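Chemist: A predicted structure for the sequence below; I have some questions about it.
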There are 2 protein chains.
Amino acid sequence: MHSRRSFLQKIGWATASVPFVNLGMNQFSAKPLSGEKPLRVALMGLGGYAGRVAEAIQNCKRVKITGLISGTPEKLQRWGAKYNVPEESRYNYENFDAIGSNANIDAVYVITPNALHHNHTIRAAKAGKHVICEKPMAVSVKEGEEMVASCQKANVQLLVGYRMHFEPHTLEVIKMRHEGEFGKITFFQGLCGFRIGDPTQWRLNKDLAGGGALMDIGIYAINGCRYMVGEEPAWVTAQETKTDPVKFKKGVDETIMFQFGFESGVTASCLSTYNMNNLDRFFLNGEKGFAEMRPSTGYGPIKGKTHKGEINAPVVVHQTVQMDEMAAILLDGKKPLVPVDGLEGLQDLKIIEAIYKAAATGKKIALK
Amino acid sequence: MHSRRSFLQKIGWATASVPFVNLGMNQFSAKPLSGEKPLRVALMGLGGYAGRVAEAIQNCKRVKITGLISGTPEKLQRWGAKYNVPEESRYNYENFDAIGSNANIDAVYVITPNALHHNHTIRAAKAGKHVICEKPMAVSVKEGEEMVASCQKANVQLLVGYRMHFEPHTLEVIKMRHEGEFGKITFFQGLCGFRIGDPTQWRLNKDLAGGGALMDIGIYAINGCRYMVGEEPAWVTAQETKTDPVKFKKGVDETIMFQFGFESGVTASCLSTYNMNNLDRFFLNGEKGFAEMRPSTGYGPIKGKTHKGEINAPVVVHQTVQMDEMAAILLDGKKPLVPVDGLEGLQDLKIIEAIYKAAATGKKIALK
């Protein structure tokens, strides 16, 4: 059992130095603490999400953007000017292996399409840089295992971009579970989805995304189930439906319902979809109480309540906190409450593969 | 499309004569409207739920308790005195077939254990009385079909005790769906369960209950799915788990997750359990909005909200409204918005059998 204070200290909110915003308004200056080495990061893949990460890093206390990797010269030029990244630290996908000789870069944040994570992560590791890889960490278990092995061999760390593992409302629920406030957990539900737009985007291209909604948004229900329940599922069943086979081609899942069973008797029921209005709901039920989060994983303020009332926790920019915490992990060896390493990413991939197999065969797939 | 007023008139709330209570306080007197014939009902099976029904009938405007059937002489005596039912209208299970010659009884409300509904309904029908049968209407499709056939043959009506079909918040959501306020429906979720107490009760005896939680509380998610979505499911999958095989013996289900697919593309995900804290949650999602109800089917005040805000509807005693509406159906031929006839009950039985089959075989079971 943790005291609340020691828990908050452990996860880093008890200090006044955690940057947070309240309803979008930044309340802290972004100066690095004196004496702390900043994490110098190269961003790879300058799309929409990288833009969000880059902006969030501006409010980090110990993260700096010191490198950029893109296939688009115009983006390298524009982002380089905006974030003060000198020309010699801008790379494309042909020449970025040379990043190894760049002493101003500690880590590469891989934010490219899913199917490219494997190649990009292994190359960054071979160049001797730590890797932060967006989720899903790869498009298959085999790829994920190779990435973990490559990073181990290169003696660099591999982290996966699980921003929710640092989100205060989420951590408060996990803390309450640790402290037994819900009693024995009985049931989890995660409904994750949205209606995806532009049919030409890489997320709807099997070759680049490795799948459909499950890879992109369903993974939040999978990972959320694991951190909310605090136990690994023992089996999974799944049912796939598709209403628009033109937009969602073969191998690109539109909607999948999936269910987990756990050795302890917990059950879980989840939904992954690219074809419904914003669905962003977690529900955790226990013998003594419950928690519900809505929104549960979106970028905006997370809101939650339990049988005890509203969850009061700081509203943060997820990516700002994530990057500062990842700096502490990579530079100080800090252990996060919920892991964000390659093995954590690999477990989600194992479950994703099992869900696809369960949906395709109609069978219950063992996970252990 | 209905106007709100015509809809309310159709379902009977636009008149000031609907009895309702606000937070338990009865706001109407219980006098029958002049000129309207009351429905004279014999209650069969004087257990806890019959007690609730009997009390609710005291506030009905056109229902009277005029008969009692029980195997316990002391109960017949006590209830007879309490509700002014004369000795000649009190029956036991051996002699109640003689009810046919009792001119003061129009209908029998069968509130006995599930496995007895078949016998009791058919005997009441043969005696020439209308039957209101608690849900589940029987423990198998075959039994249900025989009950429907017997009532048709005897030229009496068979209604099933679907009290939610008359509940104002529920009807408001159905009305909104009719009027297109949610757009195309995409997803339904029903979580229905509670932690059952006394292990010796008939609900945990397969021979009397015909099953476990699914028969008793899971049926609310099944039936709720049908009236909320407004479409019959095309297939079902199901997963059964059991944490306490002593309390929940063979054939008595503790927890079942089940999922429906619909021809329109709607999916639904439900939970039935006898082993979790009160779970009483419906969620209906559409392309343009959503509704959630919590509690969704409990006896207490139903609460709901939609994308437009809280649902404002009268708080009623479900069984009072149900019985008055059933009087109108049986005596005036009124058509309820959502059917409560034998075929409605039979459809739930078909789905229950399919869920048990899906859980036992692990296969997707077609429902059409």
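Modeler: It's in. Treat the numbers as computed from the prediction; the structure is a model and nothing was measured.
Chemist: which residue does the stretch 101-250 of chain A bring closest to chain B?
Modeler: Of all residues in the stretch 101-250 of chain A, residue A:243 sits closest to chain B, at 3.6 Å by C-beta to the nearest C-beta. Backbone N, C-alpha and C define where each C-beta goes, glycine included.
Chemist: which residues of chain A score low on pLDDT?
Modeler: Under the criterion pLDDT under 70, the flagged ranges of chain A are A:1-35.
Chemist: Just want the most central residue of it.
Modeler: residue A:162 (2.4 Å; C-alpha atoms, centre = their mean).
Chemist: do you know how far the closest residue in space to it that isn't next to it in sequence is from chain B?
Modeler: Nearest residue to residue A:162 in three dimensions, chain neighbours excluded: residue A:340, at 4.7 Å (C-beta to C-beta, 6 or more residues apart in numbering or on different chains). Distance of residue A:340 to chain B, computed by C-beta to the nearest C-beta, to the nearest Å: 29 Å.
Chemist: isn't residue A:340 right up against residue A:330?
Modeler: No. Checked against C-beta atoms under 8 Å, the pair residue A:340 and residue A:330 is beyond contact range at 10.6 Å.
Chemist: Comparing those two, which shows the higher neighbour count?
Modeler: Set residue A:340 next to residue A:330 and count neighbours by other C-beta atoms under 10 Å in any protein chain shown: residue A:340 wins out with 23 against 20.
Chemist: ok, the more buried one - contacts?
Modeler: The neighbours of residue A:340, taking C-beta atoms under 8 Å, 6 or more residues apart in numbering or on different chains as the test, are A:159, A:160, A:161, A:162, A:165, A:326, A:329.
Chemist: Skipping its backbone neighbours, what lies nearest residue A:147 in space?
Modeler: Sequence neighbours aside, residue A:121 is the residue nearest to residue A:147 in space, at 4.7 Å (criterion: C-beta to C-beta, 6+ apart).
Chemist: so where do the helices sit in the stretch 151-300 of chain A?
Modeler: Remark: helices assigned in the stretch 151-300 of chain A by DSSP state H, counting those that start in this stretch are A:168-178, A:206-209, A:213, A:219-229.
Chemist: Is it possible to get JSON lines of those helices that adds mean neighbour count and distance to chain B?
Modeler: Below are the helices of the stretch 151-300 of chain A laid out as JSON lines (neighbours: other C-beta atoms under 10 Å in any protein chain shown; distance: least, C-beta to the nearest C-beta, whole Å):
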{"stretch": "helix A:168-178", "mean neighbour count": "22", "distance to chain B": "15"}
{"stretch": "helix A:206-209", "mean neighbour count": "16", "distance to chain B": "21"}
{"stretch": "helix A:213", "mean neighbour count": "27", "distance to chain B": "13"}
{"stretch": "helix A:219-229", "mean neighbour count": "24", "distance to chain B": "11"}
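Chemist: Would you tell me which of those gets closest to residue A:345?
Modeler: helix A:219-229 (9.1 Å; C-beta to C-beta).
Chemist: and that closest one, what does it pack onto?
Modeler: helix A:168-178, strand A:185-193, strand A:267-273, strand A:279-286, helix A:342-361 (3 or more C-beta pairs under 8 Å, 6 or more residues apart in numbering or on different chains; DSSP states H and E).
Chemist: Contacts (any at all) between chain B and the longest one?
Modeler: No. For a cut-off given as C-beta under 8 Å from any C-beta of the partner chain, helix A:342-361 has no contacts with chain B; the smallest distance is 10.0 Å.
Chemist: Pull out the buried positions in that helix.
Modeler: Neighbour counts over helix A:342-361 (16 or more other C-beta atoms under 10 Å in any protein chain shown) mark A:342, A:344-356, A:358-359 as buried.
Chemist: how far is it from where the chain is centred?
Modeler: Averaging C-alpha positions (C-alpha atoms, centre = their mean, to the nearest Å) puts helix A:342-361 16 Å from its chain's average.
Chemist: right, and the helix or strand after that helix?
Modeler: Per DSSP states H and E, the first helix or strand lying C-terminal to helix A:342-361 is strand A:365-366.
Chemist: to the chain's geometric centre, what's the distance from that following strand?
Modeler: For strand A:365-366, the distance to the chain centre is 25 Å (C-alpha atoms, centre = their mean).
Chemist: does chain B sit close to that strand?
Modeler: No. For a cut-off given as C-beta under 8 Å from any C-beta, strand A:365-366 has no contacts with chain B; the smallest distance is 10.9 Å.
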